[in-house]
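> coordinates for the following, if possible.
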Amino acid sequence: MRNKVEIMAVKGGITQQPDIMAIVNAANAHLTTGGGVAGAIHHAAGNDLFRECQDLAPIKPGEAVITKAYNLPNDYVIHCLGPVYGKNKPEDVLLAKCYTNVLRLAEKNQITSIAFPAISTGAFGFPMEAATGIAIKTILAELPSLKHVEKIKFVLFSQEDLDIYQKKLAEVQ
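Residues are numbered from 1 along each chain as shown. Model (predicted):
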């Protein structure tokens, strides 16, 4: 717990976080169903999410938009387009903008809890260690400005990814 915000990392699926008000979608530019996180979220939320997303797309790397969560056990989905590693420059700045913009949308919508996947680390190829460091550093820098967010959860699919997040979180606790 830092600045009254609880920060944790867990192994699991981003669509199965009923204790969280908003989950983050590692989206594609057109906010459509894709592989990985985006595919899982769109599949679980249903067609209404796809329809709402059509009016919000396209988005650029680092940008974030918010929708309802529909059939998910959450109130909102915040969609963020992470950078493609080696293509969208500067990758580290764009990835940090993802986390900053998501947290600012959460604050604007008075969201008290949020769950992040490991943005840009799947098909977009961002190295997990570097992405984890950027995520945690950016979130820690935003903590003083958070008035509504009380809980931040990183939801990782593999044990290896969870271990990286837990190690990096332990270094700053």
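> ok, F124 - contacts?
A26, G82, P83, V84, Y85 (C-beta atoms under 8 Å, 6 or more residues apart in numbering). Every C-beta, even on glycine, is put in place using the N, C-alpha and C of the backbone.
> number of nearby residues for the first one?
The number of residues packed around A26, counting by other C-beta atoms under 10 Å, is 25.
> distance check, it against F157.
According to C-beta to C-beta, to the nearest Å, A26 and F157 sit 11 Å apart.
> who touches both of the two?
P117.
> surely G36 meets A123?
Yes - between G36 and A123 there is a contact at 6.3 Å, judged by C-beta atoms under 8 Å.
> pick out whichever of these two has more residues nearby.
G36 (18 against 13).
> hmm, back to that, between the contacts of F124, which sits nearest N74?
A26 (15.4 Å; C-beta to C-beta).
> the closest one and H43, how far apart?
A26 is 14 Å from H43, by C-beta to C-beta.
> so the closest residue in space to G35 that isn't next to it in sequence, which state does it fall into?
Nearest residue to G35, sequence neighbours excluded (C-beta to C-beta, 6 or more residues apart in numbering): A123, at 6.0 Å. Secondary structure, DSSP: H, G, I helix; E, B strand; the rest coil: A123 is coil.
> so for stretch 138-149, what gets flagged as buried?
T138, I139, E142, L146, V149 (16 or more other C-beta atoms under 10 Å).
> the third one against L103, yeah?
Yes - counting by C-beta under 8 Å, E142 does reach L103; the two are 4.9 Å apart.
> before we move on, back to that, and the buried residues of stretch 138-149 as TSV, adding secondary structure?
Shown next, in TSV, are the buried residues of stretch 138-149 (three-state DSSP):
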residue	secondary structure
T138	helix
I139	helix
E142	helix
L146	coil
V149	coil
